[in-house]
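S.K.: Can you look at this prediction? I've put the sequence above it.
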Amino acid sequence: MAGRYQQVYDAAMADPEAFWAEAAAELHWDKPWQQVLDASNPPFYRWFVGAETNTCYNALDRHIAAGHGDRVALIYDSPVTGTVRSFTTLELRDRVAKLAGAMKAHGVTRGDRVIIYMAMTPEAAMAMLACARLGAIHSVVFGGFAPRELATRIDDARPVMIIASSCGLEPGRVVEYKPLLDQAIEIAAHKPKHCLIFQRPMYEGPMQAGRDLDFDAEVAAAAAADCVPVAATDPLYVLYTSGTTGVPKGVVRDNGGHMVALNWSMRNIYGMKPGDVFWAASDVGWVVGHSYIVYAPLIHGCTSVLYEGKPVGTPDAGAYWRVIQQHRVAALFTAPTAFRAIKKEDPKAELLKQYDLSQFRTLFLAGERADPDTVHWAEDSLHRPVIDHWWQTETGWPMAANCMGIEVLPVKYGSPTKVVPGYDVQVLDDDGQAVKVGDIGNIVVKLPLPPGTLPTLWHNDEGFRKSYLARFPGYYNTGDAGFIDEDGYLFIMSRTDDIINVAGHRLSTGGMEEVLSAHPDVAECAVVGVADALKGQVPLGFVVLKSGVSRAEDQITRELVLLVREKIGPVAAFKQAVVVKRLPKTRSGKILRGTMQKIADAQDYRLPATIDDPAILGEIKDALQPLGYARQP
């Protein structure tokens, strides 16, 4: 007899409209839908056509109407400022309504765009919800983004208003946002009418008369604004993701399908109940922050933790344990990178012993492949389920997971378990044919995609087709490579760009990284394919060692080469690894493998806009040159 997961998955496949209509019935609609799914204009599918709703109402006002206004909705925890603040649902709603009123007083109306360029403070979440309240479309840009990158987003979104923090905080330093914002507006062709500036005491930004408005003063003087009903198919937000040409792609998220999918995911994927405390240790500038700091927890009636800090260094590698204990967190969602950083600083998890995590149920990892060694370490340290799951900015919520609220399935290390109900994930070869079970291929999702996923790109239907649909007609191309095994478990091996061709053999760099990360001295690693005159490409490993390792580096790299040869075989042609102090990453923790490969091959590269610390690229180049790489011909 099929288990509960299979029953739910089969129901979603057999009648997706009935499945999602049932899920949608939990939420408030100002006007019911005429069609659950409009499939009349493929590949542009639309969910809940004809319905009207308001996402902010469903996140806040709905719970107040149900008598839960005194439930804590948001906890702001900032170890960098020594601040902890809590907001009940009623308090958060009232602040959001006043902020929406201030925006409305300066001309922001339904359909207008508002760029949000803010630090990790409650005001960032309030700004997003205030836009949703008015039916305006927000576009959050990661605080501290370079002026030119911000300017490209201003010109594409054409906002009537920008809401910005005066500064952001990193451990030991203040990042001044206001000068960056001023430079971006100067560069941009489009000029917003107003900038609402949230002045933080660590740095007060200069104000331009006639354009800049003080956030606190405007909110204090404003009348509260009511929720504006919008079409379920109207955009809630645009979130820019880097394009391969350097031109950012504006991923659109609608109102209706988005709130239905996120509400469903909280109970079924994350196993959360209203009133539980959920913590996504991300930034509101990323999709994780949109979906699982702001919208999903609040829509589902959970308490959300908004954390301004790091996994280590604020103040130590016990930072996460302190937050979990203090706020009685039931589930944490973070990137594997965060746990690798904790493991590097505190390999034996000694700091964990100082904290009471009895309330804590589940750790969820996503954003990068969760290497088995990190998962094992987290399991052994926490004695809790550690759930790898897989999704993308474009999908907005998970595509594969061990759905904790449906049925807890056995873990297979290296796999995010099975496809989430609502998605039809398949693996195709380069000619669009299904591969054999267990063979690596292109991971795609059969159209139509479920609710909550991107319906198109902002003012760029053709770019949507070209980027995601053209390669495999009838399917969304994830750009990831992997396989599905005989038990239906999905394995994401790497981006398709990270499948390297060694003398005609297609090999996954992700598989090699699994082997390297299992070495007892390795904290984290990356493998890239570098040019080779004989074989086309060969793999090159980069490893960061755990704190306290004092063995000779050349001995460790020899062991790593032998380990890959033993586990994968000589076909991998893995002959070189280099020890580096740190790996170049985006601010969300993704390793910049493509940039590392270009450095190794002495190719020109564009400085990634999302890089956390550009100085690391110089360190990578210096480490590679003794091996004969990163040298101009």
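M.R.: Received, thanks.
S.K.: Phi first, then psi, for Leu196.
M.R.: Dihedral pair for Leu196: phi -100, psi 110, per degrees, to the nearest 10.
S.K.: hey, which helix or strand in the protein has the poorest pLDDT?
M.R.: One helix or strand of the chain scores below all others by mean pLDDT, DSSP states H and E: strand 505-508, with a mean of 66.
S.K.: and the next element down the chain from the top helix by length along the chain?
M.R.: The single longest helix within the chain, with elements called by DSSP state H, is helix 89-105. Downstream of helix 89-105, the first helix or strand assigned by DSSP states H and E is strand 113-117.
S.K.: Can you list the helices and strands that that following strand packs against?
M.R.: Here strand 113-117 touches helix 122-134, strand 137-140, helix 147-157, strand 161-165, going by 3 or more C-beta pairs under 8 Å, 6 or more residues apart in numbering; DSSP states H and E. All C-beta spots, glycine's among them, are computed from the backbone N, C-alpha and C.
S.K.: which residues touch Phe215?
M.R.: Glu123, Ile163, Leu196, Ile197, Phe198, Gln199 (C-beta atoms under 8 Å, 6 or more residues apart in numbering).
S.K.: Try it again at 10 Å.
M.R.: Phe215 is in contact with 99, 102, 118, 123, 126-127, 163-166, 195-199, counting by C-beta atoms under 10 Å, 6 or more residues apart in numbering.
S.K.: picking up where we left off before, show me which residues of the longest helix of the chain are buried.
M.R.: Using 16 or more other C-beta atoms under 10 Å as the burial criterion, the residues of helix 89-105 that qualify are 89-104.
S.K.: and what of stretch 144-160?
M.R.: By 16+ other C-beta under 10 Å, the buried positions in stretch 144-160 come out as 144-145, 147, 149-154, 156-160.
S.K.: Could you dump those into TSV and include pLDDT and distance to Pro311?
M.R.: Shown next, in TSV, are those (pLDDT from 0 to 100; distance: C-beta to C-beta, whole Å):
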residue	pLDDT	distance to Pro311
Gly144	83	19
Phe145	82	22
Pro147	88	29
Glu149	83	25
Leu150	92	27
Ala151	93	32
Thr152	92	31
Arg153	93	28
Ile154	96	32
Asp156	95	33
Ala157	97	32
Arg158	97	37
Pro159	98	33
Val160	98	37
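S.K.: out of those, who's nearest Glu350?
M.R.: Taking C-beta to C-beta as the measure, Glu350 lies nearest Gly144 of these, at 33.2 Å.
S.K.: backbone phi and psi for the closest one, please?
M.R.: Main-chain torsions, Gly144, degrees, to the nearest 10: phi 90, psi 0.
S.K.: Okay, now the unreliable bits of the stretch 401-550 of the chain?
M.R.: Across the stretch 401-550 of the chain, the ranges flagged by pLDDT under 70 are 495-499, 501, 503-506, 535.
S.K.: right, I mislabeled it, should have said the chain
M.R.: When residues are selected by pLDDT under 70, those of the chain lie in 242-247, 495-499, 501, 503-506, 535, 571, 633.
S.K.: Outline the domain layout of it.
M.R.: Each domain of the chain is listed here as a residue range: 4-309+389-482, 503-627, per automatic domain parsing.
S.K.: Those: which one's closest to Leu332?
M.R.: Distance to Leu332, taken as C-beta to C-beta, is lowest for domain 4-309+389-482 among those, at 5.0 Å.
S.K.: start to end distance for the closest one?
M.R.: Start and end residues of domain 4-309+389-482 are separated by 26 Å (C-alpha to C-alpha, to the nearest Å).
S.K.: What is the burial count for Asp612?
M.R.: Using other C-beta atoms under 10 Å, Asp612 is surrounded by 18 other residues.
S.K.: mind listing what it touches?
M.R.: By C-beta under 10 Å, 6+ apart, the residues touching Asp612 are Glu170, Arg582, Leu583, Pro584, Lys585, Thr586, Arg587, Ser588, Gly589, Lys590, Leu592.
S.K.: wouldn't Asp439 be in contact with Met493 here?
M.R.: No. With contacts counted by C-beta atoms under 10 Å, Asp439 stays clear of Met493, the gap being 11.2 Å.
S.K.: For the helix or strand containing Leu332, buried residues please.
M.R.: Using DSSP H and E, Leu332 sits within strand 331-334. Within strand 331-334, the residues that qualify as buried are Ala331, Leu332, Phe333, Thr334, counting by 16+ other C-beta under 10 Å.
S.K.: downstream neighbour of that strand in the secondary structure list?
M.R.: Sequence order places helix 336-345 as the next helix or strand after strand 331-334, per DSSP H and E.
S.K.: List the residues that contact Trp397.
M.R.: Residues near Trp397 by C-beta under 10 Å, 6+ apart: 258, 261-262, 264-266, 269, 287, 291-292, 295-296, 389, 391, 420, 422-423, 450-453.
S.K.: I should have written Val564 there, sorry.
M.R.: 511-516, 527, 539, 541, 570, 572-575, 577.
S.K.: just Gly488 next, same as before
M.R.: So Gly488 contacts Tyr5, Gln6, Tyr9, Leu409, Thr417, Lys418, Val419, Val425, Val437 (C-beta under 10 Å, 6+ apart).
S.K.: So which of those residues are in strands?
M.R.: If you go by DSSP state E, the contacts of Gly488 have Lys418, Val419, Val425 in strands.
S.K.: and of the residues you listed, the nearest to Asp61?
M.R.: In terms of C-beta to C-beta, no member of the ones in strands among the contacts of Gly488 lies closer to Asp61 than Val419, at 34.4 Å.
S.K.: How many residues are close by the closest residue to the closest one other than its chain neighbours?
M.R.: Distance criterion C-beta to C-beta, 6 or more residues apart in numbering; nearest residue to Val419, sequence neighbours excluded, is Val425 at 4.5 Å. By other C-beta under 10 Å, the residues close to Val425 number 21.
S.K.: repeat for the one 4 residues further on
M.R.: Burial of Asp429 is recorded as 13 neighbouring residues (other C-beta under 10 Å).
S.K.: buried sites along stretch 380-400?
M.R.: For stretch 380-400, a neighbour-count test (16+ other C-beta under 10 Å) marks 381-382, 385-400 as buried.
S.K.: Then stretch 359-369?
M.R.: Residues of stretch 359-369 classed as buried: Phe360, Arg361, Thr362, Leu363, Phe364, Leu365, Ala366, Gly367, Glu368, Arg369 (neighbour count, 16+ other C-beta under 10 Å).
S.K.: now stretch 339-352
M.R.: Applying a neighbour-count criterion of 16+ other C-beta under 10 Å, one finds Phe339, Arg340, Ala341, Ile342, Lys343, Lys344, Glu345, Asp346, Pro347, Ala349, Leu351, Leu352 buried in stretch 339-352.
S.K.: Just give the nearest non-adjacent residue to the fourth one, would you?
M.R.: Leaving out its chain neighbours, the residue that sits closest to Ile342 by C-beta to C-beta, 6+ apart is Ala317, at 4.9 Å.
S.K.: Would you check how far apart that neighbour and Ala125 are?
M.R.: Distance of Ala317 to Ala125, computed by C-beta to C-beta, to the nearest Å: 27 Å.
S.K.: same check, this time on Met207
M.R.: With distances taken as C-beta to C-beta, Met207 is found 24 Å from Ala125.
S.K.: Those two: which has the busier surroundings?
M.R.: Neighbour count, other C-beta under 10 Å: between Met207 and Ala125, Ala125 has more, with 29 against 15.
S.K.: Is there a neighbour count for the nearest residue to that one once chain neighbours are set aside? I'd like the number.
M.R.: Leaving aside its chain neighbours, Ala125 sits nearest to Val294 (4.9 Å; criterion: C-beta to C-beta, 6+ apart). Using other C-beta under 10 Å, Val294 is surrounded by 27 other residues.
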